[in-house]
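S.K.: How does the following fold in three dimensions:
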Amino acid sequence: MKLFRRKLTKLNPPSADRRWLFVPYDQVSDEIGPLASEPPESLGIVLVESSDKASRRPYHRQKLALILANLRHFALEQAQRGVAVRHVTTDEPYGEALRPVAAELGALRVMEPAERELQEDLAPLVAGGALEIVPHEGWLTTRDQFLRSSKKGPPWRMDAFYRVVRRESEILMADGKPVGGKFSFDAENRRPWKGDPPAPEPPCFEPDEITREVGDLIERRFSRHPGRMNLEALPASRKDAKRLWSWALDECLEQFGPYEDAMSMRSRGLFHTRVSALVNLHRLLPRTLVDDVVALDAPLASREGFIRQILGWREFMRHVHRETDGFRELDDDEPKVSDRSGDGGWQTWSGELWSSPQAPPASLGGAEPSALEADWPLPPAFWGTPSGLACLDQVVSEVWDDAYTHHIPRLMVLANLGTLLGVRPRQLTDWFWVAFADAYDWVVEPNVLGMGTYAVGGLFTTKPYVSGANYINRMSDYCAGCRFDPKSDCPITRLYWSFLERNREQFEGNPRMGLVMRNLSRRQEKEKTEDRRVFESVRRALDGREKIRPRSS
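M.R.: Numbers count the residues shown, from 1 in each chain. Prediction:
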């Protein structure tokens with residue numbers, strides 16, 4: 001940190017007569033909040049690097065590097081524009097680190113934290129008057145819009161919310177009607193990718209001395225954390241963020257729509273923009289992205305598809321998480337809440353207990369809904385032990401290399417297989433939380449507990465998002481290099497039928513699943529017996545860290 005400290009000291013203006021603002025790790029922008037509306041020379045900001053937070057879970061090393069590098073570059077950028085910067089390093093939680101700072105400087109302001117976990121950490125300071133919450137200006141929608149989209153309350157539906165927001169924001173609207181005649185072009189955005197048009201290569205970023213110093217810190221203090229750290233794939237400065245977005249606009253958005261759901265071993269991201277981690281840090285503002293895509297000369301299906309991800313799903317997930325207090329407050333039976341933060345299966349894979357320097361408060365444990373009563377431990381295959389399934393092994397490898405894969409491998413490979421195997425939803429959620437650079441509680445919990453695993457039932461999804469091998473074969477090239485044939489012996493298809501049979505009572509009255517449940521009822525008993533056998537043998541192999549093999553072998 002010596003180099004960063006020297007640079008900050010050199011740039012830092014006098015700190016007297018300032019109004020002080022605590023800026024969390026995921027609000028590194030001067031285009032929202034007091035940093036945007038008040039003169040730089042009147043402001044001071046407090047930035048905190050907490051090893052307690054970093055060590056709470058076995059976070060991917062690339063994720064830690066991304067957050068710390070952006071925080072430090074942001075500190076230097078703000079000092080350069082005349083904002084006084086107080087940079088704090090600590091082994092304590094954020095609230096404890098800020099307590100003496102507030103005692104010295106007076107009450108601090110903070111834009112409302114996005115993460116529930118940070119809100120809980122700071123709650124005692126807020127209650128004691130040492131911290132004042134001001135509105136978070138990074139969101140694009142309001143609670144009132146969310147509630148009005150479903151006047152009777154849950155179940156909530158994203159399409160209804162999206163229509164309300166589109167109408168009231170007038171985004172991609174003309175004369176009160178959606179441009180192109182419909183709100184969603186999702187049905188047109190489901191083409192597999194065969195190699196043409198060529199997928200763009202994501203940009204590289206030459207790590208400067210500040211980023212390299214962060215890399216050295218990760219290697220020194222967090223070497224136990226999993227994942228590959230690649231500083232050249234890490235946008236750290238404001239300039240880097242803008243460059244990534246310019247690349248996305250120029251190289252990705254034209255073809256984003258048609259190939260939004262495609263997966264390939266030849267291109268990990270295809271035409272996805274890879275900006276989600278920076279958006280969730282507010283390095284890139286959601287409003288900027290939406291405005292730029294509205295104005296872009298690109299096919300409507302591509303523009304609408306991207307905007308639906310930002311204005312629709314991202315905002316919707318945030319509201320669902322907030323309304324349910326992270327799924328602690330549901331209309332039916334209250335779910336169990338873990339007494340500590342989860343390790344995402346680290347211990348099962350490594351054989352070691354993951355322990356942080358300080359045991360976090362019980363209030364930071366995650367909710368554990370499980371509408372389907374799934375409770376199997378996450379298998380080591382999600383940590384890199386080969387499974388014998390090309391799709392799973394490919395996507396897991398991508399995640400531990402990049403801390404990223406796009407939303408369809410997340411949903412239709414990782415979450416799909418976890419759900420078919422009956423993995424405990426909380427453990428899969430925690431794995432997503434530690435493994436992905438863009439994962440924070442407000443976005444990862446609804447995406448995995450809700451959409452990925454159906455753990456909260458029909459609260460905001462109409463059916464479980466599961467499939468057999470046919471979907472993966474149709475939308476990817478994974479199957480070409482697999483030992484299994486998707487049309488004959490791939491176990492994923494039998495896992496699918498076994499899942500439906502085990503949960504028959506849950507799904508029989510679901511109108512969205514009528515056809516598939518009728519097909520299940522016509523399935524012969526010997527086929528159902530084989531489905532159960534495959535389900536049990538696959539779980540047994542993965543439990544034993546063995547590759548799944550065709551029966552003939």
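S.K.: Next, residue 46: phi, psi?
M.R.: Dihedral angles of residue 46 (phi, psi; degrees, to the nearest 10) stand at phi -110, psi 120.
S.K.: quick one: residue 129 and residue 109 touch, right?
M.R.: No: using Cβ atoms under 8 Å as the test, residue 129 is too far from residue 109 to be in contact (12.0 Å). From N, CA and C alone the C-beta is placed, and that goes for glycine too.
S.K.: For the stretch 451-553 of the chain, which segments count as strands?
M.R.: Counting by DSSP state E, counting those that start in this stretch, the stretch 451-553 of the chain has no strands to list.
S.K.: With the stretch 1-150 of the chain instead?
M.R.: Using DSSP E, counting those that start in this stretch, strands in the stretch 1-150 of the chain cover 19-22, 43-50, 84-90, 108-111, 131-134.
S.K.: so which of those strands comes closest to residue 4?
M.R.: strand 84-90 (8.1 Å; Cβ to Cβ).
S.K.: Pull the contacting residues for residue 154.
M.R.: 331, 459-460 (Cβ atoms under 8 Å, 6 or more residues apart in numbering).
S.K.: what's the distance between it and residue 454?
M.R.: Distance of residue 154 to residue 454, given as Cβ to Cβ, to the nearest Å: 15 Å.
S.K.: can you redo the contacts of residue 154 as a markdown table with neighbour count and pLDDT?
M.R.: Listed next are those as a markdown table, based on neighbours: other Cβ atoms under 10 Å; pLDDT from 0 to 100:
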| residue | neighbour count | pLDDT |
| --- | --- | --- |
| 331 | 10 | 76 |
| 459 | 22 | 94 |
| 460 | 22 | 94 |
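S.K.: which ones are touching residue 507?
M.R.: Counted by Cβ under 8 Å, 6+ apart, residue 507 has contacts 463-464, 500, 513, 517.
S.K.: ok, 10 Å please
M.R.: 372, 454, 463-464, 499-500, 513-514, 516-517, 520 (Cβ atoms under 10 Å, 6 or more residues apart in numbering).
S.K.: Next: residue 520.
M.R.: Here residue 520 is in contact with 496-497, 500-501, 504, 507-508, 513, 528, 531 (criterion: Cβ under 10 Å, 6+ apart).
S.K.: what about 8 Å?
M.R.: 497, 500-501, 504.
S.K.: Select, from the residues you listed, the two members most distant in space.
M.R.: 497 and 504 (10.9 Å).
S.K.: Looking at those two, which has the bigger crowd around it?
M.R.: Neighbours were counted for residue 497 and for residue 504 using other Cβ atoms under 10 Å; residue 497 has more, 22 against 12.
S.K.: Double-check the more buried one against residue 522; I have them as touching.
M.R.: No: assessed by Cβ under 8 Å, residue 497 is found out of contact with residue 522, at 11.4 Å.
S.K.: can you tell me the helix or strand for the residue nearest to residue 377 when sequence neighbours are not counted?
M.R.: Closest residue to residue 377 apart from its sequence neighbours, by Cβ to Cβ, 6 or more residues apart in numbering: residue 348 at 5.3 Å. Assessed by DSSP states H and E, residue 348 sits inside helix 346-350.
S.K.: For the next helix or strand after that helix, list every residue counted as buried.
M.R.: Heading C-terminal from helix 346-350, the first helix or strand you meet, by DSSP H and E, is helix 390-402. The neighbour-count check on helix 390-402 (16 or more other Cβ atoms under 10 Å) flags 390-402 as buried.
S.K.: what's the distance between residue 466 and residue 398?
M.R.: The value you get for residue 466 to residue 398, if Cβ to Cβ is used, is 21 Å.
S.K.: which residues does residue 368 contact?
M.R.: By Cβ under 8 Å, 6+ apart, the neighbours of residue 368 are 335-338, 424-426.
S.K.: ok, now with 7 Å
M.R.: By Cβ atoms under 7 Å, 6 or more residues apart in numbering, residue 368 lies in contact with 335-338, 426.
S.K.: Top of the residues you listed by number of neighbours, please.
M.R.: Result: residue 426 is most packed of those (other Cβ under 10 Å), 29 neighbours.
S.K.: which one of the strands of the stretch 1-150 of the chain lies closest to residue 355?
M.R.: Closest to residue 355 of the strands of the stretch 1-150 of the chain, according to Cβ to Cβ: strand 43-50, at 16.4 Å.
S.K.: Provide the strand pairings for the closest one, with the direction of each partner.
M.R.: Strand pairing for strand 43-50, determined by DSSP bridges: strand 19-22 (parallel), strand 84-90 (parallel).
S.K.: For the last one, buried residues please.
M.R.: Pointing back at strand 84-90 there. Quick answer for strand 84-90 (16+ other Cβ under 10 Å): 84-88.
S.K.: average pLDDT for that strand?
M.R.: Taken as a whole, strand 84-90 has an average pLDDT of 98.
S.K.: can you give me the offset of it from its chain's centre?
M.R.: Relative to its parent chain, strand 84-90 has a centroid offset of 27 Å by Cα atoms, centre = their mean, to the nearest Å.
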